[in-house]
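Novice: need coordinates for the following:
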Amino acid sequence: MHFERYGTGPRTFLALHGWGSDHRTFAPIVADLPADASVFAPDLPGQGLSAPPVSWTLDAIQRELEDFIQKIPSPVTLIGNCSGALLGLGAAQRLPTHFSRLVLIDTFAWCPWYFRLFLSPIFGQRAYLATFANPVGRWITNLSLASRRTDSSHLTRGFSATNHHYTYEYLRLLGPLGQPQQFKNLSMPIDILYGQRTFAAIRSAANVWHKLWPDSRVFCLKGAGHLPLQEATSQVRHILFRPNSSEEVLCPAQHPSTSPTFAS
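Specialist: So this is what the prediction gives:
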C-alpha cells in the first residue's frame, strides 16, 4: 500500500481514511505535528495511489492492512476516520498487542438506509454513479447536505478523483458490517469523536459505541459536521496529541446520556 509518513517522533499514529478518500484526509492535522509524533497515513487498497486488493473481499483488504501495520513501529494509536475506523477496529482485534489506543472519528455503527439504497440489486449502482460519479450529482448532494457540514467544507469533493468501481466495491463490503458487538472485546483506551452537526446516525452511533465500551471517552466537536478533521482541526488535534493534558480540553468530553438528544 502507498503511504505517507509525517513526523519522526516515537509516538506512532496510524491514520485510516474513510470511504471514497485517501491519505490526504489527514492533511489538516499533520501540518504541525508535535515533535514526539509520527503519523503513518496509508491509502487503503484500491484507493488513492494504492493498487487494488488481490480480491474484493474484506479478508483480503484486512490482510494487506495488517501486513502494513506489522511493518511500522508499535504500539500505535489508531486514528480511524468514518469507515476507516471499522477496518482499524478489525485490525485491532487481530493484532491487539500492536495497538495502545483507538480514536474513532465520526464513525457509523451500522449502514444507514441512505447508503443501503446504493446497494439495491436493481438500481443501486446506477444511483451511486448518478450521485457520486457525476459532477452535477456531487454538487447537488453537497448542497443538500449543507446542514451536515460547515460553509467552507465539501462533502463530495473527494469523489471527483476516486476510482468509482473500487469505491463502490468498498460500499458493498462495508455495508453489511453493522454488528458493533463483534468489537466488544477491545480493551485498550478508546475515544469517540463526532461532529455536533453530523448525521443523526453517527450521533446515535456514539451512544452505541459508548455502551459497548463503557470506559471510553466521548467528545462532541463543537460546530463541526461530518468532516471534523477539516472543520474542528484544533479540537481534534488537542484530543489526539494531548490526551492527558491538564489544560481544559477544547471540546469537553460528554457522556452520551447527558449529551444533546440524538435526533436529526
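Novice: quick check: Met188 touching Thr97?
Specialist: No. Counting by C-beta atoms under 8 Å, Met188 does not reach Thr97; the two are 10.0 Å apart. C-betas here are computed from N, CA, C, even on glycine.
Novice: which one of these two has more residues nearby?
Specialist: Met188 (14 against 7; other C-beta atoms under 10 Å).
Novice: where does the more buried one sit: helix, strand or coil?
Specialist: Here Met188 is recorded as coil under DSSP: H, G, I helix; E, B strand; the rest coil.
Novice: got the confidence number for it?
Specialist: Looking at Met188, its pLDDT reads 95.
Novice: pLDDT on stretch 149-161, on average?
Specialist: 88.
Novice: can I get the CA coordinates of that stretch in CSV?
Specialist: The C-alpha coordinates for stretch 149-161 follow below in CSV (Å, rounded to 0.1, in the frame of the first residue of the first chain):
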residue,chain,number,x,y,z
ARG,A,149,-21.1,20.5,7.1
THR,A,150,-19.6,24.0,7.5
ASP,A,151,-19.8,26.6,4.7
SER,A,152,-16.1,26.0,3.9
SER,A,153,-16.2,22.2,3.6
HIS,A,154,-17.3,20.0,0.8
LEU,A,155,-18.7,16.5,1.5
THR,A,156,-18.3,15.0,-2.0
ARG,A,157,-15.2,16.7,-3.4
GLY,A,158,-13.1,13.5,-2.8
PHE,A,159,-15.2,11.5,-5.2
SER,A,160,-14.1,13.6,-8.1
ALA,A,161,-10.7,11.8,-8.2
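Novice: can you pull the contacts of Ala127?
Specialist: Taking C-beta atoms under 8 Å, 6 or more residues apart in numbering, we find Ala127 in contact with 117-118, 120.
Novice: which of these fall within helices?
Specialist: The members of those all map outside helices under DSSP state H.
Novice: which phi and psi does the residue positioned nearest the centre of the chain have?
Specialist: Against the mean C-alpha coordinate of the chain, by C-alpha atoms, centre = their mean, the closest residue is Asn81 at 1.5 Å. Dihedral pair for Asn81: phi -100, psi 120, per degrees, to the nearest 10.
Novice: was I right to think it contacts Val103?
Specialist: No. Applying C-beta under 8 Å, one finds Asn81 not in contact with Val103, separated by 9.3 Å.
Novice: helix, strand or coil for Ala127?
Specialist: Going by three-state DSSP: Ala127 is helix.
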